[in-house]
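Peer 1: Sequence plus predicted model, see below.
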Amino acid sequence: QVQLVESGGGLVQAGGSLRLSCTASGRIASINTMGWYRQAPGKQRELVATIPAGGSTNYADSVKGRFTISRDNAKNTVYLQMNSLKPEDTAVYYCNAAVRQYYRSPEDCWGKGTLVTVSS
């Protein structure tokens, strides 16, 4: 069973920064795209940023220029550096990864989420 564990959330003032991390563990053969999504209270989950195993990154328009996604394939870890945070960035942030385990088909895996709260 693959597990994704996020860390790095917390309370920050507007204009501040946070760095989220997410590490995948289990019998992992390979990981394709990794990404971050978020869900604010009363809203649907939305894409924040994705990064494939090889290729260009993708960002939601609302975070372009402020957030940076990166990954360390050797550690099965994806990061989200969040700068110039705004109150509207407040949400639970979820890690996502397209994981292929040994002798199994690829599957879409999710972490349990980490809360980011930005105060004004």
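Peer 2: Looks like it arrived, so ask away. Quick caveat, the model's predicted, so the values are computed rather than measured.

Peer 1: Parallel or antiparallel, which strands does the helix or strand encompassing L11 pair with?
Peer 2: Here L11, judged by DSSP states H and E, is contained in strand 10-13. For strand 10-13, the paired strands and their directions (DSSP bridges) read strand 114-119 (parallel).

Peer 1: Run the chain-centre distance for the partner strand.
Peer 2: 14 Å (C-alpha atoms, centre = their mean, to the nearest Å).

Peer 1: export that strand as CSV, just CAs?
Peer 2: What follows is strand 114-119, C-alpha atoms only, in CSV (Å, rounded to 0.1, in the frame of the first residue of the first chain):
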residue,chain,number,x,y,z
THR,A,114,-2.2,19.7,5.6
LEU,A,115,-3.9,22.9,6.6
VAL,A,116,-2.6,26.2,5.5
THR,A,117,-4.1,29.3,7.2
VAL,A,118,-3.1,32.8,6.0
SER,A,119,-4.2,35.6,8.3
